[in-house]
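Q: got a sequence here, can you build the structure:
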Amino acid sequence: MNNNVEFNLADEVIMKKPHACGTNLWTITRNGADIKIKCNNCGREIMMDRLEFMRKLKKVIKNEKTSS
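A: Got it, this is the predicted structure:
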């Protein structure tokens, strides 16, 4: 399991399953005990607990603004 993955606010993430609109690229809009992500295609926001998020996460794409 990928428990040591680091992610921050405004990072883009790729989830394992695509959203109904066809994309699996999301942006983190809230980071805490619960994680809120926003679909980059249709703008839908979904909130889930951290454990569920870690299970469904495939890859983290660092945001250029926060990584410098």
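Q: which other helices and strands does the helix ranked longest in the chain contact?
A: Longest helix of the chain, by residue count under DSSP state H: helix 50-56. Contact analysis of helix 50-56 by 3 or more C-beta pairs under 8 Å, 6 or more residues apart in numbering; DSSP states H and E lists strand 34-39 as its packing neighbours. (C-beta placed from N, C-alpha, C; glycine too.)
Q: convert the strand it packs on to CSV, retaining C-alpha atoms only.
A: Provided in CSV are the C-alpha atoms of strand 34-39 (Å, rounded to 0.1, in the frame of the first residue of the first chain):
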residue,chain,number,x,y,z
ASP,A,34,-11.1,14.1,5.1
ILE,A,35,-9.9,14.8,1.6
LYS,A,36,-11.9,16.9,-0.9
ILE,A,37,-11.1,16.5,-4.6
LYS,A,38,-12.4,18.4,-7.6
CYS,A,39,-12.8,16.9,-11.1
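Q: any buried residues in that strand, and which?
A: 35, 36, 37, 39 (16 or more other C-beta atoms under 10 Å).
Q: show me the shaky parts of the protein.
A: Scanning the chain for pLDDT under 70 picks out the ranges 1-3, 64-68.
Q: and the strands in it, which stretches?
A: 12-15, 25-30, 34-39, 45-49, 57-61 (DSSP state E).
Q: make TSV out of these and add distance to residue 6.
A: Listed next are the strands of the chain as TSV, based on distance: least, C-beta to C-beta, whole Å:
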stretch	distance to residue 6
strand 12-15	12
strand 25-30	11
strand 34-39	13
strand 45-49	18
strand 57-61	7
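Q: okay then, goodbye and thanks.
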